[in-house]
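Trainee: let me see the structure of the following:
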Amino acid sequence: MQRYGYTRASLAIALLVAAGLGYIAYLQYRLAQVDSVIATTISGAHKAAKSATKLKSEGSEVIELSKVAEMEKKGWKLSDNNQSYEYKEDGQVHATMSLDHVTGKVVYKIDCGSFKTDEAQQECSDVLDGTGKNYVATDEVPW
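Mentor: Below you'll find the predicted structure:
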């Protein structure tokens, strides 16, 4: 008599396929986080530059960054002296922004080597046209 239905082999194959799809989804999630950090760093630097410009045009003696609620919602923390922003995740600083009073620019830095997985580090470098997994991107936005 022949038995019909699922065998142990087909169950094992189904579990392997499900695990593979889960891993691919996890990688996509991590890469989306990398893209988010890069995008918020660049757009955040422009917002920080605008806020510093506003302060400068008001004739303030001390130029400092101001709190931007949208950036704080995305995980950026303003330093105690209002001179820099930091983006931390999992105890690692992925990106920073600071005022450079000498050149009159907001300088931002993205550290691709700070991401945990090799895939995320490589994606970060690729998005920034970098030279590898330990690439550190820096740029300036004028006030």
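
Trainee: longest single strand anywhere in this protein?
Mentor: Counting by DSSP state E, the longest strand found in the chain is strand 92-100.

Trainee: list the contacts of Leu128.
Mentor: Ile38, Ile110, Cys112, Tyr135, Ala137 (C-beta atoms under 8 Å, 6 or more residues apart in numbering). C-betas here are computed from N, CA, C, even on glycine.

Trainee: can you pull the contacts of the closest residue to the third one other than its chain neighbours?
Mentor: What it means is Cys112. Setting aside the residues directly before and after it, Cys112 is nearest to Cys124 in space (C-beta to C-beta, 6 or more residues apart in numbering), at 3.7 Å. Contacts for Cys124 (C-beta under 8 Å, 6+ apart) come out as Val34, Val37, Ile38, Ile110, Cys112, Phe115, Gly130, Tyr135.

Trainee: ends of stretch 108-116, what's the gap?
Mentor: Between the opening and closing residues of stretch 108-116 lies a distance of 21 Å (C-alpha to C-alpha, to the nearest Å).

Trainee: per-residue confidence for the most centrally placed residue in the chain?
Mentor: When C-alpha atoms, centre = their mean is applied to the chain, the residue found nearest the centroid is Val37 (1.7 Å). Val37 is assigned a predicted lDDT (pLDDT) of 80.

Trainee: hang on, it is in a helix, isn't it?
Mentor: Yes - according to DSSP: H, G, I helix; E, B strand; the rest coil, Val37 belongs to a helix.

Trainee: quick check: the gap between the nearest residue to Phe115 once chain neighbours are set aside and Tyr26.
Mentor: In space, and not counting its chain neighbours, Phe115 is closest to Gln121: 4.9 Å by C-beta to C-beta, 6+ apart. Distance of Gln121 to Tyr26, given as C-beta to C-beta, to the nearest Å: 16 Å.
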